[in-house]
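Engineer: Got a predicted structure plus its sequence, pasted below:
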Amino acid sequence: MKADPKGPGHFPEPIALIAKLDAELGGDRSFNNLKAHQTLLIGTRDKINTWMQGHPDDYR
């Protein structure tokens, strides 16, 4: 997203969602931590998918 020709400003919501997820995970990508944050991971994925569906020209 950040390398897109339209610039990172074109994707503010997905980038913010990913940053929030990274902060919640605290840099710990272990299975146990990911499992503990599974609801957050799935919710973030779904929010990004919903956002991308509203911008179909951005992910052909």
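Structural biologist: Here it is on my side, so go on. Residues are numbered from 1 along each chain as shown.
Engineer: what's the offset of stretch 36-46 from the middle of its chain?
Structural biologist: Put simply, stretch 36-46 sits 10 Å off its chain's centre (CA atoms, centre = their mean, to the nearest Å).
Engineer: Next one, pLDDT for the spatially most central residue of the chain please.
Structural biologist: The centroid of the chain falls nearest to Ile18 when counting by CA atoms, centre = their mean (3.6 Å). If you check Ile18, the pLDDT there is 94.
Engineer: Which strand or helix spans it?
Structural biologist: For Ile18, the host element (DSSP states H and E) is helix 12-25.
Engineer: Would you mark the buried spots in that helix?
Structural biologist: By neighbour count on 16 or more other CB atoms under 10 Å, the buried set for helix 12-25 is 14, 17, 21, 25. Backbone N, C-alpha and C define where each C-beta goes, glycine included.
Engineer: Adding distance to Lys6 as columns, could you present those residues in CSV?
Structural biologist: Shown next, in CSV, are those (distance: CB to CB, whole Å):
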residue, distance to Lys6
Pro14, 13
Leu17, 18
Leu21, 22
Leu25, 27
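Engineer: Pick the one among these closest to Gln53.
Structural biologist: Taking CB to CB as the measure, Gln53 sits nearest to Pro14 out of the buried residues of helix 12-25, at 11.8 Å.
Engineer: Tell me, how many residues neighbour Phe11?
Structural biologist: Burial of Phe11 is recorded as 20 neighbouring residues (other CB atoms under 10 Å).
Engineer: hang on, I meant Ala36
Structural biologist: For Ala36, using other CB under 10 Å, the count is 13.
Engineer: excluding its backbone neighbours, what's nearest Lys20?
Structural biologist: Once flanking residues are discounted, Lys20 sits nearest to Thr44: 7.5 Å by CB to CB, 6 or more residues apart in numbering.
Engineer: For that neighbour, give its distance to Gln53.
Structural biologist: 15 Å (CB to CB, to the nearest Å).
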